[in-house]
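Colleague: would you be able to build a 3D model of this:
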Amino acid sequence: MPPPENVEPSAWASIDALELLGMTDGVGNVTTLLGRDFDLAGEVQTPGYLAFLEPVIVVPSQFDRSEPAPVAVLVVVAARPDLIAPVSQAVQSVLGVSDPSTITISTSEDLADLRAIIEQQLGSFGRELVVAVFALTGVLVAAILYGLVMLRRKDFGRRRALGASQSFIVMLLLIQVAALAAVGAFFGSAGALTGLLLSGDPLPGVDYFIAVGVFAVAVGVLAAVVPAWVAATRDPLKELRVP
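Modeller: Below you'll find the predicted structure:
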């Protein structure tokens, strides 16, 4: 509803509009082409999807909302870039205008395509980075475990001499590595989640954390196969002679 006649109507202006009017302090008076006066009540922040309307001055509606009013601009915001095309078609189908030539539909589809390309490139880079990190992790796990196997040669030789099979030694080492990797993946994911929460960055989905954790455990176990096999196949008699 229009404001009552005894109430002075107010208007709000964007920063660009205030600078254009020379009212950078946000105080002043504006008059429309219809002769209506409005006192500036403050500054309004223009959303990014309404930047094409700048400079913007927002005034109360002059029409009775109970009666149909003309619409000059209709802005529809899509939730995802890939929805821009179907949303545009849906809007055009429900406008119900008698002469389609009187309306113009403008979309940021080109910008959405560019954004999709950038997201795809960033996703590809992220996958390559994750693979590189896990490959380096696998090499480090294999090297560290091989060193531990060499330090515990006498222990493994004693187990073999007491009747432990090669498969038992391999499974023993793999289970130990899997348990340590699972604990490391849990605390690593918890630390990453805490860091993202404190920094205010967007959080990946739960499935991402689960996939990374499972992948980390799998990489650790695969990297431990060769050192475990080396520990299981060494001659127990020679190992027992190690001082």
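
Colleague: in this protein, which segments are predicted with low confidence?
Modeller: 1-9, 49, 61-70, 81-82, 96-103, 105-126, 236-243 (pLDDT under 70).

Colleague: SS state for the residue positioned nearest the centre of it?
Modeller: Against the mean C-alpha coordinate of the chain, by C-alpha atoms, centre = their mean, the closest residue is Pro202 at 4.9 Å. Classification of Pro202 by DSSP: H, G, I helix; E, B strand; the rest coil places it in coil.

Colleague: can you name every helix or strand that the helix or strand hosting Tyr208 contacts?
Modeller: Tyr208 belongs to helix 206-223 when elements are defined using DSSP states H and E. Counting contacts by 3 or more C-beta pairs under 8 Å, 6 or more residues apart in numbering; DSSP states H and E, the secondary-structure elements packed against helix 206-223 are helix 109-151, helix 166-199. Placement of C-beta: from N, CA and C, glycine included.

Colleague: helices and strands around the last one, which ones?
Modeller: It refers to helix 166-199. By contact count (3+ C-beta pairs under 8 Å, 6+ apart), the secondary structure elements abutting helix 166-199 are helix 109-151, helix 153-161, helix 206-223, helix 225-233.

Colleague: okay, those helices, which one's buried deepest?
Modeller: The highest mean neighbour count among the helices and strands packed on helix 166-199 belongs to helix 225-233 (a mean of 19), with neighbours defined as mean count of other C-beta atoms under 10 Å.

Colleague: adjacent strands (with direction) for the strand ranked longest in the chain?
Modeller: Once the chain is assigned using DSSP state E, the strand that runs over the most residues is strand 37-43. Note on strand 37-43: by DSSP bridges, its sheet partners are strand 10-13 (parallel), strand 29-31 (antiparallel).

Colleague: now the last one, how far from the chain's geometric center?
Modeller: What it means is strand 29-31. Relative to its chain's centre, strand 29-31 lies at 44 Å (C-alpha atoms, centre = their mean, to the nearest Å).

Colleague: hmm, back to that, got the helices and strands packed on helix 206-223 as JSON lines, with distance to Gly48 columns?
Modeller: Output for the helices and strands packed on helix 206-223, formatted as JSON lines (distance: least, C-beta to C-beta, whole Å):
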{"stretch": "helix 109-151", "distance to Gly48": "11"}
{"stretch": "helix 166-199", "distance to Gly48": "23"}
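
Colleague: quick one: end-to-end length of stretch 80-87, please.
Modeller: Taking C-alpha to C-alpha, to the nearest Å, the first and last residues of stretch 80-87 lie 10 Å apart.

Colleague: that older thread, dump the helices and strands packed on helix 166-199 to JSON lines, plus distance to Leu83.
Modeller: Formatted as JSON lines, those follow (distance: least, C-beta to C-beta, whole Å):
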{"stretch": "helix 109-151", "distance to Leu83": "9"}
{"stretch": "helix 153-161", "distance to Leu83": "60"}
{"stretch": "helix 206-223", "distance to Leu83": "22"}
{"stretch": "helix 225-233", "distance to Leu83": "46"}
